[in-house]
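Visitor: Just to be clear, the model below is a prediction. Sequence and coordinates:
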Amino acid sequence: MDDVDQIERTGRVDGVGDTRRALGGFLRARRERIAPEHVGIRGGGRRRVRGLRREELAQLAGISVDYYVRLEQGRARQPSREVLDALARALRLDAAERRHLVTLAGARSRPAPRARVSPVLRRILDDLVQSPAFVTNHRLDVVAWNALGAELIGGLSEPGRRDPNNARFLFLDPASRDVHPEWEDRAAEAVGQLRVSAGRYPGDAELAALVSDLSARSAAFRRIWATGEVVMCAAGRKRLRHPVAGLLDLDYETLHVPAAPGETGVVVHVFNAERDSREAAALARLGPLGG
């Protein structure tokens, strides 16, 4: 039974709250995406599994098949850094995936973190009058925003207009596909970020409940979760649609605010348009709506 079948049958997400199962699920998902011919293995005939077989990956990583099987089944504890490096190379993991692998392998119980938005940060948000901005915690709850940011991402400041959790909005509200024309990319980002958080905070009951709820209610979430997607907040360009301003291609940056003692940091998402561009003029028109 693959991950999608299991989630559909049981409503439970494998590995959430259980780091050893999470490590096994992540290894399996990454193994299944590697085409044998891309690592010098000739396919030859019909293969019963997607991607690499367990024994093929073990050989590429230079570890015993038995030990790899125990890792994937969650029966091995805290593999060495040398083993993790070998697996990362064999699986062709990127930097974010490598960090996630190390986190899962050495995970320890952490208290569910709290997010704090200081008065200074709130003033900074309000001062960004030409740049939409909002703040999220590790569960993708939007915990603060400025007026333009709330208007841009679906009317966040209006009670009942949209769910304040970005993942629930994306997967459970059809309006999200209007706001986000590149919906599939935004959905993959949300799932990847939740997977990273679940690895860091396996004891967070609220986070586990969120992932389980989305898995039970959204086939798209189940499909993307089963890929083992891992995403860290970054920078780049995103396309959004506003009912008044139309399509907007905006640059964005994600800024990590350090945590106060005993509290987790938050992530500030800031959007911006080039001066004298069509997008800059559109944001200027949206200003009064956000206010």
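Guide: Nice, I can see it. Residues are numbered from 1 along each chain as shown.

Visitor: Identify all contacting residues around stretch 188-198.
Guide: Stretch 188-198 has contacts (C-beta atoms under 8 Å, 6 or more residues apart in numbering) with 15-17, 22, 26, 96, 100, 103, 138-140, 166-167, 170-171, 204, 207-208, 210-211, 221, 224-225, 228-233. (Each C-beta comes from the backbone N, C-alpha and C, glycine too.)

Visitor: what does the average pLDDT come to for that stretch?
Guide: Stretch 188-198 shows a mean pLDDT of 94.

Visitor: What segments of the protein are helices?
Guide: With DSSP state H as the criterion, the chain has helices at 3-10, 19-32, 54-61, 65-72, 81-91, 95-105, 119-127, 147-152, 166-172, 176-179, 183-200, 205-217, 219-225, 278-290.

Visitor: Show me the shaky parts of the chain.
Guide: Applying pLDDT under 70 to the chain flags the ranges 1-15, 17, 43-48, 107-109, 260-263, 288-291.

Visitor: domain ranges for it?
Guide: Using automatic domain parsing, the domains assigned to the chain come out as 3-105, 119-290.

Visitor: Quick check: Val65 vs Trp225, distance?
Guide: Distance of Val65 to Trp225, given as C-beta to C-beta, to the nearest Å: 27 Å.

Visitor: Then Asp163?
Guide: 19 Å.

Visitor: more crowded one of the two?
Guide: Remark: of Asp163 and Trp225, Trp225 carries more neighbours, 27 against 19, as counted by other C-beta atoms under 10 Å.

Visitor: pretty sure that one is touching Ser215, no?
Guide: Yes. With contact defined as C-beta atoms under 8 Å, Trp225 counts as touching Ser215 (6.5 Å).

Visitor: Tell me how many other residues surround the residue nearest to Ala259 when sequence neighbours are not counted.
Guide: Nearest residue to Ala259, sequence neighbours excluded (C-beta to C-beta, 6 or more residues apart in numbering): Gly265, at 4.2 Å. Residues within reach of Gly265, counting by other C-beta under 10 Å, total 16.

Visitor: Return the members of the contacts of stretch 188-198 classed as buried.
Guide: Neighbour counting with 16 or more other C-beta atoms under 10 Å marks 15-17, 22, 26, 100, 103, 138-140, 166-167, 170-171, 204, 207-208, 210-211, 221, 224-225, 228-231, 233 as buried within the contacts of stretch 188-198.

Visitor: Contacts only, for Ala112.
Guide: Residues in contact with Ala112 (C-beta under 8 Å, 6+ apart) are 201, 203-207.

Visitor: okay, those in a markdown table with distance to Ser157 next?
Guide: A markdown table is the format used below for the contacts of Ala112 (distance: C-beta to C-beta, whole Å):
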| residue | distance to Ser157 |
| --- | --- |
| Tyr201 | 28 |
| Gly203 | 32 |
| Asp204 | 27 |
| Ala205 | 28 |
| Glu206 | 23 |
| Leu207 | 25 |
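
Visitor: how about the CA coordinates for the strand ranked longest in the chain, as CSV?
Guide: The strand that spans the most residues within the chain, counting by DSSP state E, is strand 246-257. Extracted in CSV, the C-alpha atoms of strand 246-257 (Å, rounded to 0.1, in the frame of the first residue of the first chain):
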residue,chain,number,x,y,z
GLY,A,246,-6.3,41.8,-12.2
LEU,A,247,-3.2,39.6,-12.6
LEU,A,248,-0.1,40.9,-10.8
ASP,A,249,3.4,39.5,-11.1
LEU,A,250,5.2,40.6,-7.9
ASP,A,251,8.6,40.0,-6.5
TYR,A,252,8.7,38.7,-3.0
GLU,A,253,11.1,38.1,-0.1
THR,A,254,10.7,36.0,3.0
LEU,A,255,12.3,37.4,6.1
HIS,A,256,12.9,35.3,9.2
VAL,A,257,12.4,37.2,12.5
